[in-house]
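> Build the 3D model from these lines:
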Amino acid sequence: MEKTKNFQKILLPLTVILIVLLAGILFPQLTSFVIKPFESFNLEVEIPKTYEEVLAGENMWFTTKLLNLGSEKRKDVTLKYEVFDADRKLKSSKSETVAVETQASFVGDIGIPKNSEEGPHFLKVTLISPFGEYEAETSFNVIKEETKNQVIIKFSLFDIQIAIPNDYKIIYPGDELLASIKLVNLGSAGRIDVFLEYWIIDSEQKAILRNKETVAVETQANFVRTFDIPKDVKPGKYSLHAKLIYADGKKAEAENSFEVVKKQIDKKIYYGLTGLLGLIILISIIYKSGHLVKKIQLWVKVRRIVKKREIK
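Numbers count the residues shown, from 1 in each chain. Predicted structure coming up:
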């Protein structure tokens, strides 16, 4: 009986451990949660090469990148933008509130006063959250006369196209969407950095994904981009949108559609669950077999005692 009790004590934790290990293999997302007590951000600001020289009186364009090193919950934070001259005198400023989950990238612009002096200036970005402030800074030059670069920016005229290959027109939740992006400069010939915004929306116009980047283009550019579709999206029609921003606010947009369908149960999951069930049944049989053996041994012992008494 003592051995049986010991076996019972071992059986339950052993079964739990086996279930947790198998669940970790089949559903790694269930074991990937980490509790973090506070928020911590990484903040970067970048001015594309095309916009490193800005005419006084025009807007300066830049990209702000945020990385949330804390929890993955959506947080609203304030971004403050400030422009300083070489003597660290404030020339212009503005602020906005943005939402951040794990990471985000924002295309922004800020006006450079007409009375700004030529020479180096600084763009300072401050992230303000309930958990503290984070700063990033970069530099650029203010000029008074147009250069070749400003002429290229002014006379650029872009078109953008999105193509989704047939193999990616129907995908499953959690899959990767592949798209071909084509940018054509119909205006002046010359290298220019442009901002690209991507977002995917469902049939109810709700965004499930957003992304941004900066690319350099001369007459045209063709490239492939991939987008990770969330695992929890519902089946239905979706559309991928792309917006190109350039030349002090000019825009061009394109879109293409695809469909997300319900995924059949994965064979790996099916066989894993079947194996887990079989393992539990086997452990149960072994446990019951031990009880049965004990009962038989006890019965045989009792019969022997009875026979000895009958003989006496």
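
> where does the protein dip in pLDDT?
Within the chain, the segments meeting pLDDT under 70 span 1-39, 70-73, 188-189, 247-248, 265-271, 286-300, 302-303, 306-312.

> domain assignment for it?
40-145, 146-263 (automatic domain parsing).

> Now do the first one: distance to the chain's middle.
Right, the one you point to is domain 40-145. The chain centre lies 22 Å from the centre of domain 40-145; the measure is C-alpha atoms, centre = their mean, to the nearest Å.

> Next, the buried residues of stretch 130-137.
Tyr134, Ala136 (16 or more other C-beta atoms under 10 Å). For the C-beta atoms, the positions are set from N, CA and C on the backbone; glycine is no exception.

> One more: stretch 170-188?
In stretch 170-188, counting by 16+ other C-beta under 10 Å, buried: Ile171, Asp175, Leu177, Leu178, Ala179, Ile181, Leu183, Val184, Asn185, Gly187, Ser188.

> Wait, a strand at the fourth one?
Spelled out, it's Leu178. Yes - Leu178 forms part of a strand when assessed by DSSP: H, G, I helix; E, B strand; the rest coil.

> Beta-bridge partners for it, please?
Beta-bridge pairing for Leu178 (DSSP bridges): Thr226.

> can you tell me how far it sits from Ile112?
39 Å (C-beta to C-beta, to the nearest Å).

> Repeat that for the third one.
When distance is defined by C-beta to C-beta, Leu177 is 38 Å away from Ile112.

> Surely Val45 touches Trp61?
No - assessed by C-beta atoms under 8 Å, Val45 is found out of contact with Trp61, at 11.5 Å.

> ok, so of the buried residues of stretch 170-188, who is nearest Glu255?
Ala179 (10.4 Å; C-beta to C-beta).

> List the contacts of the closest residue in space to the closest one that isn't next to it in sequence.
Nearest residue to Ala179 in three dimensions, chain neighbours excluded: Ile164, at 5.2 Å (C-beta to C-beta, 6 or more residues apart in numbering). If a contact means C-beta atoms under 8 Å, 6 or more residues apart in numbering, then Ile164 has Leu177, Leu178, Ala179, Ser180, Leu240, Asn256, Ser257, Phe258 as its contacts.

> for stretch 196-210, which positions count as buried?
So, applying 16+ other C-beta under 10 Å, buried residues of stretch 196-210: Leu196, Glu197, Tyr198, Trp199, Ile200, Ile201, Ile208, Leu209, Arg210.

> Put the alpha carbons of the helix or strand in which the last one is found into CSV.
Spelled out, it's Arg210. Secondary structure assignment for Arg210, by DSSP states H and E: strand 207-217. What follows is strand 207-217, C-alpha atoms only, in CSV (Å, rounded to 0.1, in the frame of the first residue of the first chain):
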residue,chain,number,x,y,z
ALA,A,207,-6.3,48.1,-39.3
ILE,A,208,-4.6,44.8,-38.3
LEU,A,209,-1.1,45.8,-39.2
ARG,A,210,1.0,49.0,-39.9
ASN,A,211,4.5,49.5,-41.0
LYS,A,212,6.8,52.3,-42.3
GLU,A,213,10.1,52.7,-44.0
THR,A,214,12.3,55.0,-46.0
VAL,A,215,13.6,54.1,-49.5
ALA,A,216,15.8,55.8,-52.0
VAL,A,217,14.6,56.1,-55.6
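
> What strands line up against it, and which way round?
For strand 207-217, pairing defined by DSSP bridges yields strand 192-201 (antiparallel).

> returning to what we had before: how about the domains of the chain in TSV, adding distance to Leu276?
Converted to TSV, the domains of the chain look like this (distance: least, C-beta to C-beta, whole Å):
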stretch	distance to Leu276
domain 40-145	29
domain 146-263	21
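
> Which parts of the protein are helices?
2-26, 148-155, 267-311 (DSSP state H).

> Need the residues that contact the strand holding Arg210.
By C-beta under 8 Å, 6+ apart, strand 207-217 touches 46, 48-50, 63, 104-107, 158, 183, 185, 191-202, 221, 223, 227-230, 233, 238.

> List only buried entries from those.
Of these, these count as buried by 16+ other C-beta under 10 Å: 48, 50, 63, 104-107, 158, 183, 185, 192-201, 221, 227, 229, 233, 238.

> quick one on the thing from earlier: Val45 and Trp61: who's more crowded?
Legend: neighbour count by other C-beta atoms under 10 Å for Val45 and Trp61, higher for Trp61 (24 against 19).

> looking at it, the more buried one is touching Gly111, isn't it?
No - look at Trp61 against Gly111 with C-beta under 8 Å: they stay out of range, at 11.1 Å.
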